[in-house]
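**Q** build me a structure from this.
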Amino acid sequence: MDGKQTHKAHRVHKAGASAKKKLVEKKRKNAEKNNPRAFTMQSAQKADRMARRKAELNEKKYHLPMADRTPTIPPPIIVAVVGPPQCGKTTLIKSLVRRYTKHMLSEIRGPVTIVSGKKQRITFLECPNDINAMTDVAKVADLVLLVLDASYGFEMETFEFLNLLQTHGMPKVMGVLTHLDDFKDNKRQKLVKKNFKHRFWTEVHDGAKLFFLSGVENGRYLDREILNLSRFISVVKLRPLTWRNSHPYMLADRVQDLTDPEILETNPKANRTVALYGYLRGTHMKGKDRVHIPGAGDYQLDQTELLTDPCPIPDKERKRLDERHKLIYAPMSEVNGVMYDKDAVYIDVRKTKHEENAVEGEGEKMLSELQKASNVSDRLAMHQFNLFSGAKPVPATAVRRPAVFDDVELSADDGSEVDSDEDEDDEDVHADSDSDSDASGDDEVEDDDDNAATSSGPVDYRAQRIAARELEDRLNAEKDDDDDDDDILRRVYSDGGSDDDSEGDASDAGLGSTERLAPVHLGTKRVNLMDIVYGDADKSSKSSKSRNGNGDADDDNAKSFAFDEDIDYNQLRRFFITGDNGDGQDGEEKSDDDGDGNDMDAEEAMGDFEDLEIGSDDDGDKDAESGADSDAESAQSGSDGGESDDDEEDEPNRFGLSDEKMKKLKNKFDEIDNSDDDGEKKDFYQQQKEELQGYVDNTRQAMSELAEINYRWSGEYVKIVIEDMPFEFMNGFDPSIPIVVGGIPNEEGLSLINMRIKRHRWYPRILKTGDPIVISVGWRRFQTIPTYYMNDRIKNRMLKYSPEHMHCNAVVFGPYVQPGTGFCAYFLKRAHRFGIAGTGTVLENTQTIDIVKKLKLTGYPEKIHKNTAYVGKMFNSSLEVAKFEGASIKTVSGIRGQVKKASGDNGVFRATFEDKVKMSDIVFLRAFRTIPIKKFYNPITSLLSVTYMRSIADIRRAKNMAVPNKADSHYKPIVRETKRFNPLRIPKSLQAELPFKSKVKVVKTNTKSRAVVMDKHDKQVATLLGQINLLHKDKTKKLREKVQKQKAEYVRKRNEEEAEADARRKKRRKTFFRIEGQHQRKD
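**A** Numbering: from 1, shown residues only. Below is the predicted model of the structure:
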């Protein structure tokens, strides 16, 4: 062999006995090396800092405790695979499905449910690239796999979906990076991974998981990478979301049209009856609840039916899943061409391409004609049927009459459907046992009739079945520890054995089958325990005698009840009743008469049952020893719970129990309390979590007792039937678009919704009041007209546009929404790259709200009389003036006034002012007008064909219309003329009365100018001074020029000297470094 031989690497056991043994040996070897004192803190400050840091890290792990409402059998986890087109979503789902089920799907259409583990199921859902579908998926997804194309980068669809998740409740998000095989350079690939990781952390949270899929082989990703991803999906911890825990919802994995074919043939556009199938999630759902289907509207459920789980969890815990347990359920993807329903199995036999275009033969034409329901129904309506020979013929249109008994009438209102479903389930479960007991079927019917006759009230069969299943589980658990089943069955069937039994049930084989069947069929016997225990004893004895008269043929029946015929029912009542038993005798007196033998028989007949008030046998023995000095009757009354004569004289306690019984209960309570104190003490956080979980458990237990209410619980696979569905729903049905059925309890009425909103920082335009916008809140998506406003602590002032970087309030008209619910807003027509226009929170639901708008009216004085003026051109009629009577007005010059009354019908009114106004003044009236809220609510029916409202800009753009041009709306240059005021004139009479200080002082001055004429001497002096100044200026100028020349020469010489000095320094430096370099080379 030329090549080097390679061997498979040894895989060390990580679990099992070998791994534990090696771990123990490793600890023992390293015990001597581990010195705890060598690694202790030497500094107290450092130890304190470490302790603080550890406490802070532990506190960061805490979150608000929430009640876990997950059912016992949880529904499958919805894993949504989201990403832009051509990024690898379908390939990822196919790879994951093959990893879990070893099944390769040809196409992905609709949800795909698979069994991923012993206690877990997963529903994979591919999200299409549509804003409506992305919104619906964000509301129901438990885990999101965000697929990113490494060769292209982040796309806007990714950021839009992340914003939708943040708005409607953030689930777990994991990123998947694909198309890494496009990078041939490892260094470049590593850099791209790093950049994607940090950007992904910025958008989700620090430490978010990001998986890398390096390439595709054979149409799927590499098995090792898919295995790693699947392991993280299986162990992910999902935090419950408040909205989903308080609302029922269902993701439909199958849709079926149940409309009568006769109706469709006559009217193809008639409303349909549609059945939706899926797992119920959230809270419970009732039969006639109102639901909302996003994209279709609000509907009322016509029928809610429980179906068999098509993809059940394996019934027993196994170390690994076998091939038969690796189930897949994808009805819309048509796995193996088989589709299941409650009543039938549909097999899709596809034709080949050359058979699709073939002409139908005579046989096929005949079958297609027979499928027309109209002809068949018409023919059947004319026929009559004879059920029995010689009986009266029954027409086809005969009405079925319900069966009415003495006191019970079976009808749909009494929940007969639920009972029938449960009976059918029981028949399926007990099919094997029924085949074994066919010989005694007639006897069972007679027994059931006798028991039904003796019962005086309704029988809770569901409680009996639950008790039977609990007993079966308990027996199976005991069988694993020790083989005590034979003793239990001997106690249960103590009097039922017969020596004349032909089948030999006393043998080991027969007893084994009885052991297997007895717990299952224990609750199917229609026996009323209330009549046996608390009812008339004579009736019970008569019924037992009648049963004994039939012989011992039914003693071997596996369905026989635990209490056989030979049991004394008076003894049986002693186990449940203390005190007076109804016959005028006390319990202790009756027990004395019966004797010890009957007590032992009753004890054996009761089996594992005991009186909880008395306690266990050990407690009874201890009390008997402690009370040895007392007489037998008092001891018996103390153990059985009866009251002694002394206790009857004393005042009874609030529980109605004797002192001895209260002491026993107190001792038991102290023991339990001490045992709890010895355990680990729980902190406040754990106590709050347990308290919340206790509320949930109590509610679940109380609701489970309401068997007569037709509730469908979370985790069940249900069939929902909705009538009057528009025909567009089925005509335009697309399996790739998710269909969500959400319950809307108390969310049907319409009101004004007050919300806080902020424009998204990535949306390029601000939002305008009056533009129709789509609001996604709760399960609904609807179009409405918002009105934006801000509160200034006095009034709500309307805003024409939303603030650019601030929150504002908005009022819309829509259905009731729970306050605190998040919402997002977007426009139907994408005009920009980023589609989310705004996000916010619902504040309240209200019926009225006052939003005001500033109103500024202008007028001009027409007549002025002292401080009164008649103002016009402000109003158009006297009615408008009457609306503003008493309003404050103001002029440009600052003179305040008030509107008094209208003068005429042309809108002129009389007003009074503080001072006299002028004709040139402008009068302003500043007011706030309450604007009406536009009540427009249009549900988004994307699954149907409905038109939506468009904005004014869209209409103008579609019709190529120009924006109206108003001359008054144009900005004009402001021209302000200078106001010329007249001089102040004070009357002479007023001046005379003024004091001297305030009087006007008039100073007479000679305003005429005088001409100066110089003589000959003055002219000579002036000429001489001018010549002297001229000479001085000339001399100063020459001196300044000389100084500038000298300075320039000095600067030139200094520059030359500096240049010579630099040349010398440079030469010396070169010589020095040349010599140094030579020395270094020599060294």
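
**Q** per-domain residue ranges of the protein.
**A** As recorded under automatic domain parsing, the domains making up the chain are 64-364+491-517+710-745, 365-490, 746-849.

**Q** in this protein, where's the longest strand?
**A** strand 852-865 (DSSP state E).

**Q** and Val255, what helix or strand is that in?
**A** Per DSSP states H and E: Val255 is located in strand 249-257.

**Q** that strand - contacts with which helices or strands?
**A** strand 121-126, helix 131-140, strand 272-281, strand 740-743 (3 or more CB pairs under 8 Å, 6 or more residues apart in numbering; DSSP states H and E). Quick note: C-beta positions are derived from backbone N, CA and C, even for glycine.

**Q** in the stretch 801-950 of the chain, which spans are strands?
**A** Using DSSP state E, counting those that start in this stretch, the strands of the stretch 801-950 of the chain run over residues 808-815, 822-826, 836-846, 852-865, 868-872, 888-891, 896-902, 909-913, 923-930, 937-939.

**Q** thinking again about what came up before, against which helices or strands is the longest strand of the chain packed?
**A** Looks like strand 852-865 contacts strand 796-799, strand 868-872, strand 923-930 (3+ CB pairs under 8 Å, 6+ apart).

**Q** of the strands of the stretch 801-950 of the chain, which stretch is the most buried?
**A** strand 822-826 (a mean of 24; mean count of other CB atoms under 10 Å).

**Q** any stretches of the protein with poor pLDDT?
**A** Within the chain, the segments meeting pLDDT under 70 span 1-6, 29-41, 316-326, 336-657, 669-681, 704, 706-709, 1003-1010.

**Q** just to revisit the earlier point, okay, the strands of the stretch 801-950 of the chain in CSV with distance to Leu1031 next?
**A** Shown next, in CSV, are the strands of the stretch 801-950 of the chain (distance: least, CB to CB, whole Å):
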stretch, distance to Leu1031
strand 808-815, 80
strand 822-826, 88
strand 836-846, 84
strand 852-865, 72
strand 868-872, 75
strand 888-891, 68
strand 896-902, 72
strand 909-913, 73
strand 923-930, 71
strand 937-939, 98
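
**Q** tell me which of those approaches Met50 most closely.
**A** strand 822-826 (39.7 Å; CB to CB).

**Q** from the contact counts, what lies against that closest one?
**A** So strand 822-826, by 3+ CB pairs under 8 Å, 6+ apart, packs with helix 156-168, strand 773-777, strand 836-846.

**Q** what pairs with that strand, parallel or antiparallel?
**A** Here strand 822-826 has these sheet partners by DSSP bridges: strand 773-777 (antiparallel), strand 836-846 (antiparallel).

**Q** re the thing from before, just want the angle from the strand holding Val255 to strand 121-126.
**A** Counting by axes from the mean of the first three to the mean of the last three CA atoms, to 10 degrees, strand 249-257 lies at 70 degrees to strand 121-126.

**Q** which outside residues touch strand 249-257?
**A** For strand 249-257, contacts defined as CB atoms under 8 Å, 6 or more residues apart in numbering pick out 78, 110-111, 113, 123, 125, 139-140, 272-282, 285, 329-332, 339, 341, 718, 720, 730, 733, 738-743, 779.

**Q** mark which of those are buried, thanks.
**A** Buried by 16 or more other CB atoms under 10 Å: 78, 110-111, 113, 123, 125, 139-140, 272-282, 285, 329-332, 339, 718, 720, 730, 738-743, 779, out of the contacts of strand 249-257.

**Q** could the helices and strands packed on strand 852-865 be laid out in a markdown table, adding distance to Asn186?
**A** Shown next, in a markdown table, are the helices and strands packed on strand 852-865 (distance: least, CB to CB, whole Å):
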| stretch | distance to Asn186 |
| --- | --- |
| strand 796-799 | 55 |
| strand 868-872 | 84 |
| strand 923-930 | 68 |
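
**Q** nearest to Ala831, of these?
**A** Per CB to CB, nearest to Ala831 of the helices and strands packed on strand 852-865: strand 796-799, 21.3 Å.

**Q** now for the closest one, which elements pack on it?
**A** strand 787-791, strand 852-865.

**Q** okay, the last one in CSV with CA atoms only?
**A** In this case it means strand 852-865. Extracted in CSV, the C-alpha atoms of strand 852-865 (Å, rounded to 0.1, in the frame of the first residue of the first chain):
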residue,chain,number,x,y,z
VAL,A,852,-57.8,71.3,19.0
LYS,A,853,-56.4,73.2,16.1
LYS,A,854,-55.2,76.8,16.2
LEU,A,855,-57.5,79.2,14.4
LYS,A,856,-56.4,82.9,13.7
LEU,A,857,-59.0,85.2,12.2
THR,A,858,-58.3,88.8,11.0
GLY,A,859,-60.6,91.8,10.6
TYR,A,860,-60.5,95.5,9.9
PRO,A,861,-62.3,98.4,11.7
GLU,A,862,-65.1,100.0,9.7
LYS,A,863,-66.4,102.5,12.2
ILE,A,864,-64.7,103.9,15.3
HIS,A,865,-66.5,105.7,18.2
